[in-house]
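K.L.:
sequence first, predicted model second:
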Amino acid sequence: MARVHPSAVIDPAAKIANDVDIGPFVVIGPDVELAPGVEVRSHAIITGLTKVGENTKVFSNTILGEQPQDKSFSGQETQLIIGHANVIRENVVIHVGTPTGGGCTRVGDDNFIMNGAHVGHDTQIGSHVIVASQTAIAGHVVIEDYAVLGAFCGVHQFARVGESAMVAGMAGVTKDAPPFSLVSGHRARLSGINSVGIRRRGFSPKSRKAIKRAFHLLFNSKLRLKPAIARVREELQGVSEVARLVDFIENSQRGISR
């Protein structure tokens, strides 16, 4: 049976699972769906076409599913979809998408989004991502699985942060951060490999060695990018992590942090 504080305001049209826990002064809109095991702490607001997956915890004063901060938006039906087992801490703001950006802001599974973070419209966050306090993620951003964004960093619209990349605190990501990388600085630049992150993911010694070699060829050798990519493909074929790194770089629209 759902545990709902009497001061909560829940629209009768909202779809609320039987075992959710909704705290005092929470507001739930008519188009919201809360899956089993969801917890919503006091004063949170969930509105818009928003789905929250199983066992996700939404802490106090968070706002999910409000209209995007986009001057061209005029009330179209767009979505926010949040997966299961996420932790969304105090004062986080995540907006729905826009028609021109695909119509959906999406957060995967098992993410930890700390207090005061902002996730802009049409952003796509993968799974097992950590977003530290006061991080500002602009619209149309892609954050791949296992990435870590340090406190007070900012990510420019349309930029991408690759899988298992580590963005240092207070960094400004204006170009794509490659998978497995460590980027830092006011205008984020490549600082090395996120060795701790890839080790924690359980990558084999062979894969870690291959990633290190690929980074050397791509970013530290005197080769231009296209010849470096060709060399990486030739030397390190068959290593799936390296293949994903190369694909990420070749598909970059904003350029790569180097």
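P.N.:
Yep, that arrived. Numbers count the residues shown, from 1 in each chain.

K.L.:
gap between stretch 78-95 and the chain center?
P.N.:
Its chain's average C-alpha position is 10 Å from that of stretch 78-95, according to Cα atoms, centre = their mean, to the nearest Å.

K.L.:
swap that for stretch 77-90, sorry
P.N.:
When C-alpha coordinates are averaged (Cα atoms, centre = their mean), stretch 77-90 and its chain have centres 11 Å apart.

K.L.:
then stretch 182-198?
P.N.:
17 Å.

K.L.:
residues in contact with it: which ones?
P.N.:
146, 148, 153, 164-168, 170-175, 177-178, 180-181, 207-208, 211-212, 215, 219, 241, 257-258 (Cβ atoms under 8 Å, 6 or more residues apart in numbering). Any C-beta I mention is one placed from the backbone N, CA and C, and that applies to glycine too.

K.L.:
could you rerun that using 6 Å?
P.N.:
If you take Cβ atoms under 6 Å, 6 or more residues apart in numbering as the criterion, stretch 182-198 is touched by 164, 166-168, 171-174, 177, 180-181, 208, 215, 219, 257-258.

K.L.:
repeat that for stretch 16-24.
P.N.:
1-5, 7-8, 34-36, 38-42.

K.L.:
pull the distance from stretch 225-243 to the chain's centre.
P.N.:
For stretch 225-243 - counting by Cα atoms, centre = their mean - the centre lies 27 Å from the chain centre.

K.L.:
endpoint to endpoint, it covers what distance?
P.N.:
By Cα to Cα, to the nearest Å, the extent of stretch 225-243 from end to end equals 15 Å.

K.L.:
re the thing from before, Produce a ChimeraX select command limited to the buried residues of the contacts of stretch 16-24.
P.N.:
The following ChimeraX line selects those of these that are buried, judged by 16 or more other Cβ atoms under 10 Å:
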select :4,8,34,35,38,39,40,41
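
K.L.:
what about the contacts of stretch 16-24, which are in strands?
P.N.:
Arg3, Val4, Leu34, Glu39, Val40 (DSSP state E).

K.L.:
what distance do you get for the closest residue to the first one other than its chain neighbours to Ile256?
P.N.:
Meaning Arg3. Computed as Cβ to Cβ, 6 or more residues apart in numbering, the closest residue to Arg3 that is not its neighbour in sequence is Asp21, at 4.7 Å. From Asp21 across to Ile256, the span is 44 Å (Cβ to Cβ, to the nearest Å).

K.L.:
Ile229 now?
P.N.:
11 Å.

K.L.:
quick check, Ile229 in a strand?
P.N.:
No - Ile229 sits outside any strand when classified using DSSP: H, G, I helix; E, B strand; the rest coil, being helix.

K.L.:
and it, what does it touch?
P.N.:
Val246.

K.L.:
how near is it to Arg244?
P.N.:
From Ile229 to Arg244 the distance is 13 Å (Cβ to Cβ).

K.L.:
mind jotting down where the helices sit in the stretch 101-250 of the chain?
P.N.:
All helices of the stretch 101-250 of the chain, identified by DSSP state H, counting those that start in this stretch, fall at 195-200, 205-215, 225-235, 240-250.

K.L.:
CA atoms of the first one as PDB?
P.N.:
Okay, so that is helix 195-200. The C-alpha trace of helix 195-200 is given here as PDB (Å, rounded to 0.1, in the frame of the first residue of the first chain):
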ATOM      1  CA  SER A 195      42.900   4.800 -14.600                       C
ATOM      2  CA  VAL A 196      40.900   4.400 -11.400                       C
ATOM      3  CA  GLY A 197      37.600   4.400 -13.200                       C
ATOM      4  CA  ILE A 198      38.500   1.700 -15.700                       C
ATOM      5  CA  ARG A 199      40.100  -0.400 -13.000                       C
ATOM      6  CA  ARG A 200      36.900  -0.200 -10.900                       C
END
